[in-house]
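Asks: Mind looking at a prediction? Sequence and model below.
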Amino acid sequence: MSSNLDYLDPALLPLEDKVQAYLKTEKLLRQAEIARTAHEHQPEAAADDFDQRPPMGSYDQQAEENQLETSQLQEDLQVLQNEILAMLPVRDEWVKVNLGYGPSRVGAFRNERFGSSPTEPEYLLRVVQ
């Protein structure tokens, strides 16, 4: 029987750090997507407020920056996910980790979608805080 204090094992510190970085990046990605969506809907309302319209063919730099930030965060999130999947000792089971406020769980679970093959299963990362 495993102890309820297994999540305090110092060997799990690198995994905990990666999971915390993953959660932080996931939060930043959600915020960037919200900012991008808000910016996409903002010009429609703002165009009525001004007497002048922007010149034809003007470049929307903010939209480009929002798109680049979102895509960069998605790439960072994928890299972190792959690193966490490589660090997990088991598949299809939960691993207890300490994310600062008691035991949390991290696991890699088989994706049962149609595109997943039995020889090379696709795993999804799950984090329960």
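Replies: Yep, that arrived.

Asks: biggest helix in this protein by residues?
Replies: Criterion DSSP state H: the longest helix present in the chain is helix 13-47.

Asks: Quick one: list the elements packing against the helix or strand following that one.
Replies: Next helix or strand after helix 13-47 toward the C-terminus (DSSP states H and E): helix 61-87. Packing partners of helix 61-87 (3 or more CB pairs under 8 Å, 6 or more residues apart in numbering; DSSP states H and E): helix 13-47, strand 103-110, strand 123-128. Every residue, glycine included, has its C-beta placed from N, CA and C.

Asks: Return the most buried member of those.
Replies: strand 103-110 (a mean of 18; mean count of other CB atoms under 10 Å).

Asks: tell me what the least confident helix or strand in the chain by mean pLDDT is packed against?
Replies: Ranked by mean pLDDT, DSSP states H and E, the weakest helix or strand in the chain is helix 13-47, scoring a mean of 84. Here helix 13-47 touches helix 61-87, strand 94-98, strand 103-110, strand 123-128, going by 3+ CB pairs under 8 Å, 6+ apart.
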